[in-house]
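> heads up, no residue letters with this:
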């Protein structure tokens, strides 16, 4: 039981860190420019496909990851300059409609290029086996994802918390007009943030590729979770996105793994078997409702 | 002395309702000017238009010889206009120190620029609160921070919108003393406030607006001499 718990806790941490890579970009796009980007999940999907394609072509997972992330950043740049810049001025309904259209276009485009079957992305050879930690075996590749996630989260934290650019980003998320009046070109700053967000999406997609299937529609389910994360954390707050991601990742993973077992201890077997999975899948939404009840602005509100 | 700010025939409208109807105002470099008038007469709108925060419908705004209306607010900010806005608008997610570090710039390479350290020397109270967030300050401290944040951009023109509003008398005095000090150091200042006596002491040139138009313009001596003007246009 302890072993199962530890293993699931590590899985939860790993999932949470990957969620953070997605939520970081999403929360800033929403926070600074007040723009709802439903296509954020599509960038994750397209990023995963690009990494898989580049890995296949180059024969190396790491080269594929670097090339795929770079290509996704370029795609993000094109999207920001052409489409999103027009959307910021519009209301949320236009943004939702336009970015929803982008999801459909991305899904169809991916289907046309790579086909409807999931694409295989293999982890690097050296990391395909398990390693022993504290008496149990854990996949080496998952540990590398955790390390990657911690490194990127740390770097992002330093960038946002300590650098002047990070201060401008936070100021812009809180009060765009005032930030501009103080001489900061928030529009250019936002292009940088958007491109960075797209790159992080592709990084998460590429890293998760070997664990999940790289397939059409993979972005939508994770998008919902990313929105739950940024609402729990407070829109526009990087710290909120990190804490929210870790909470959602851990609660979701542990809930799915342990809740059925726990329920079996207190309920009849077939009631537990029915209730467990259902309850586990709504657990994070219950959590979100609970947090919003006490903190309507999320845990770390960025706006005044 | 050269002309620093020249507003001519300025018109601003929020949708169908027009707020400014051909407003004219000009001030010299190194001068201190005020904008007076009752609430809702268009004072804040005028300042916001100068900062590029309201679209200009007609007329022109020249700053240091360049026509700036139509420029984006950040470009106007970098050109040397800094705003201390109504309601202070400190950032709740930045510390006091970050407010000053983030926006420090000396784009015109002036000698002895405003640095975070100099702002702390001007407002020692901010130094004590350096690690506090913008929303953890008292009203007076927020006002000091809003002024400090504008100063570290080393502006050619400092614009203050109701800088003493809602402050305790003691703190208000502190802000007036600070403004007098800035003025003595040669800082160009454009200010909106309610305390006419204080403004007469601080500034040399006053413009009263009513319903989006200039109804009176004159010097401190002229304004001080005719309290009928106060009564007629300001309701005091």
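Done, it's in. For clarity, every value in this text was computed on a predicted model and none was experimentally measured. Numbers count the residues shown, from 1 in each chain, chains lettered A, B, ... in the order given.
> Can you get me a residue count around residue B:26?
Here the count is done by other C-beta atoms under 10 Å in any protein chain shown, and residue B:26 has 16 residues near it. (C-beta placed from N, C-alpha, C; glycine too.)
> tell me the contacts of it?
With contact taken as C-beta atoms under 8 Å, 6 or more residues apart in numbering or on different chains, residue B:26 is in contact with B:3, B:5-7.
> name the helices or strands packed onto the lengthiest helix in chain B?
As assigned by DSSP state H, the longest helix anywhere in chain B is helix B:169-184. Contact partners of helix B:169-184 among helices and strands, from 3 or more C-beta pairs under 8 Å, 6 or more residues apart in numbering or on different chains; DSSP states H and E: helix B:139-151, strand B:188-192, helix B:196-202.
> so which of those comes closest to chain A?
helix B:139-151 (6.8 Å; C-beta to the nearest C-beta).
> going on from that closest one, what's the next piece of helix or strand?
Next in sequence after helix B:139-151, counting helices and strands by DSSP states H and E, comes strand B:157-161.
> what residues does that following strand touch?
Residues external to strand B:157-161 that are found in contact with it (C-beta under 8 Å, 6+ apart): B:4-5, B:43-44, B:47, B:50-51, B:63, B:80-86, B:147, B:150-151, B:179, B:182, B:187-193.
> Kindly reformat the helices and strands packed on helix B:169-184 as a markdown table containing distance to chain A, mean pLDDT and mean neighbour count.
Compiled in a markdown table, the helices and strands packed on helix B:169-184 are given as follows (distance: least, C-beta to the nearest C-beta, whole Å; pLDDT from 0 to 100; neighbours: other C-beta atoms under 10 Å in any protein chain shown):
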| stretch | distance to chain A | mean pLDDT | mean neighbour count |
| --- | --- | --- | --- |
| helix B:139-151 | 7 | 96 | 23 |
| strand B:188-192 | 14 | 96 | 23 |
| helix B:196-202 | 23 | 94 | 17 |
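> Reformat those into JSON lines and put distance to residue A:250 next to each item.
Formatted as JSON lines, these follow (distance: least, C-beta to C-beta, whole Å):
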{"stretch": "helix B:139-151", "distance to residue A:250": "38"}
{"stretch": "strand B:188-192", "distance to residue A:250": "52"}
{"stretch": "helix B:196-202", "distance to residue A:250": "58"}
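> and of these, who's closest to residue A:245?
Nearest to residue A:245 among the helices and strands packed on helix B:169-184 is helix B:139-151 (31.8 Å), distances taken as C-beta to C-beta.
> How far away from the center of its chain is the closest one?
Helix B:139-151 sits 12 Å away from the centroid of its parent chain (C-alpha atoms, centre = their mean, to the nearest Å).
> So for residue A:160, which of the helices and strands packed on helix B:169-184 sits nearest?
helix B:139-151 (19.4 Å).
> quick one, the closest one and helix B:169-184 angle?
Relative orientation of helix B:139-151 versus helix B:169-184 (axes from the mean of the first three to the mean of the last three C-alpha atoms, to 10 degrees): 20 degrees.
> what angle separates helix B:139-151 from strand B:157-161?
150 degrees.
> residue contacts, residue B:102?
Each residue near residue B:102 by C-beta under 8 Å, 6+ apart is listed here: A:164, A:167-168, A:171, B:94.
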